[in-house]
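J.: Please work out how this folds:
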Amino acid sequence: MGAKPEDEYEDDGRTIVNMNVDGMPWYRADRDEAGERSGQPGQGMSDDELRQYKWAAVRAGLVIVLIFGAVFAAFIAFCDFIWFR
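T.: A predicted model of the protein is given here:
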């Protein structure tokens, strides 16, 4: 299932993903095509949207904690009332 000799890779020069990321050792500002920092987290979100996003994340975490807590409490009750009798 290896590559056949006639299936050689040919570089056409297109950039699929720009790996020129700010903060990386190979970052070069002169190669930044967009010129702006597009796609950065938090950009374009208002304070109200950001607050709603954070509150939704906290609620999701609380749901998970409540589920694990209920399972743990049910296990303790099972051990106390059924298993250890």
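
J.: measure Val21 to Tyr27 for me?
T.: 6 Å (C-beta to C-beta, to the nearest Å). For every residue, glycine as well, the C-beta is placed using N, CA and C.

J.: what pLDDT, on average, does stretch 74-83 get?
T.: When pLDDT is averaged over stretch 74-83, the result is 94.

J.: Endpoints of that stretch, how far apart?
T.: 12 Å (C-alpha to C-alpha, to the nearest Å).

J.: any idea how far Gly69 lies from Trp83?
T.: Gly69 is 20 Å from Trp83, where distance means C-beta to C-beta.

J.: Against Trp83, how distant is Phe75?
T.: Between Phe75 and Trp83 the distance, using C-beta to C-beta, works out to 10 Å.

J.: between the two, which one's more packed in?
T.: Neighbour tally, Phe75 and Trp83, criterion other C-beta atoms under 10 Å: the higher count belongs to Phe75, 11 against 8.

J.: And the helices in this protein, which stretches?
T.: Secondary structure of the chain (DSSP state H): helices at 47-78.

J.: anything in contact with each of Val21 and Tyr27?
T.: The contact sets of Val21 and Tyr27 do not overlap (C-beta atoms under 8 Å, 6 or more residues apart in numbering).

J.: what about Asn20, neighbour count?
T.: A count of nearby residues for Asn20, using other C-beta under 10 Å, gives 16.

J.: In this structure it contacts Tyr27, no?
T.: Yes: with contact defined as C-beta atoms under 8 Å, Asn20 reaches Tyr27; the gap is 6.0 Å.

J.: quick one on the thing from earlier: compare Val21 and Tyr27 (neighbour count), which wins?
T.: Counting neighbours by other C-beta under 10 Å for Val21 and for Tyr27 shows that Tyr27 has the greater number, 12 against 9.

J.: Show the contacting residues for that one.
T.: Contact partners of Tyr27, counting by C-beta under 8 Å, 6+ apart, are 20-21.

J.: tell me the pLDDT at Gly50?
T.: One thing to correct before we go on: residue 50 is Leu, not Gly. According to the prediction, Leu50 has pLDDT 89.

J.: Residue numbering should commence at 159 henceforth.
T.: Yep, numbering from 159; the last one is Leu208 now.
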